[in-house]
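Visitor: just a sequence and a predicted model for now, questions to come.
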Amino acid sequence: MKSLGKTIKLGFFAILAGVAFIAASFQPAQAADVDEIHFLIPGGAGGGWDGTARGVGKALLDSGLVKKVSFENMSGGGGGKAINHIISTAHRQKNTVMVNSTPIVIRSLTKVFPQSFRDLTPVAAVIADYAAFVVPDDSKYTSWDQVMADFKKDPNSVKIGGGSVRGGMDHLVPAMAIKAGGGDPLDLRYIAYDAGGKAMAGLLSGDTQVLATGYGEAIGLAKQGEVRILAVTSEDRLASAPKTQTLKEQGFDVVFANWRGFFGPPKLSEARQAELQSVLEKMYKTSEWEDIRTKRGWQNLYKPGKEFVSFLEDQELKIGGIMRELGFIK
């Protein structure tokens, strides 16, 4: 009987241990930092804004930092339709953030739409795609200084292409570099293409001598040996291109980042702003984000709240100055 009692007792404790193990195994996952984020994208599927919003959303969701994410593409008016929407419906947009980038500054200056970043709540800049000056691999140019030397001798001898219209980023960046080198940006022969791929094709076919583009768009062909990057517009050399000099290293005081970041509706509460900024900052430390970032060639650029506003004001000042010189705004 004692033996039977001992057996029953041991069995009872074994059952308790089993129950405890099962309970531990089915403990709910750690609670997400944010319940829901709805990403408003001011352009169509497949563009830079779309890729940024969906990449950030996936990293936040897969890492468990956000419980639910959703996406909405709203093209029109150079981004103005989405801006007007988030402003006019602000009272029901507390879970919404709109992705945007440098064009919100340019298009506001040129009055493509009447609003500016000041009519929204700047949450944080998240990534940067620095500009790059690119030449074919067999080009005689090995530095931007050599391009400038030819430009000063004969501006017509150097045609610079880009995947944006005149007055767009790919035009403004080389104009700033020319001005920094003592040249006249009005003498720049800029050849506008309607997409980055066509601009690259124009470079490789010899229609232009230099291409102004995003570093992320050039690095793939550079690694394949088809093009050479003369300079990038980052403050310091990029980790993914340690041998490529910056413009500043070559004596041209130009730093320019095509940032991408997020804005909330106007009058978004400070508590919600802090919540969103915190979750974006935590995202940088996740393997999910690092995987997405490296695959897409993005550079981390975290500037929250007031720091983001100061960055935007500085960019507005620099871009506005060169656009006035070129005659695009008064």
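Guide: Looks like it arrived, so ask away.
Visitor: ramachandran coordinates for residue 34?
Guide: phi -130, psi 140 (degrees, to the nearest 10).
Visitor: make residue 1 into 47 and carry on from there
Guide: Done: numbering now begins at 47, and the last item shifts to residue 80.
Visitor: so what pairs up with it in the strands?
Guide: The bridge-partner assignment for residue 80, based on DSSP bridges, gives residue 112.
Visitor: tally of neighbours for it?
Guide: 18 (other CB atoms under 10 Å). C-beta coordinates here come from the backbone N, C-alpha and C atoms, glycine included.
Visitor: which residues does it contact?
Guide: Counting by CB atoms under 8 Å, 6 or more residues apart in numbering, residue 80 makes contact with 106, 111-113, 321-322, 325.
Visitor: buried among those residues? Make that a PyMOL selection.
Guide: Of those, the buried ones can be selected in PyMOL as follows, counting by 16 or more other CB atoms under 10 Å:
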select buried, resi 106+111+112+321+322+325
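Visitor: which one of the contacts of residue 80 is nearest residue 276?
Guide: Checking the contacts of residue 80 against residue 276 with CB to CB, the nearest one is residue 106 at 36.3 Å.
Visitor: for that closest one, helix, strand, or coil?
Guide: Classification of residue 106 using DSSP: H, G, I helix; E, B strand; the rest coil returns helix.
Visitor: leaving out sequence neighbours, find the closest residue to residue 124.
Guide: residue 158 (4.5 Å; CB to CB, 6 or more residues apart in numbering).
Visitor: ok, the one you found - contacts?
Guide: By CB under 8 Å, 6+ apart, the neighbours of residue 158 are 123-124, 126.
Visitor: next, format those residues as a markdown table and append distance to residue 93, neighbour count and pLDDT.
Guide: Listed next are these as a markdown table, based on distance: CB to CB, whole Å; neighbours: other CB atoms under 10 Å; pLDDT from 0 to 100:
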| residue | distance to residue 93 | neighbour count | pLDDT |
| --- | --- | --- | --- |
| 123 | 15 | 14 | 88 |
| 124 | 12 | 16 | 84 |
| 126 | 16 | 17 | 92 |
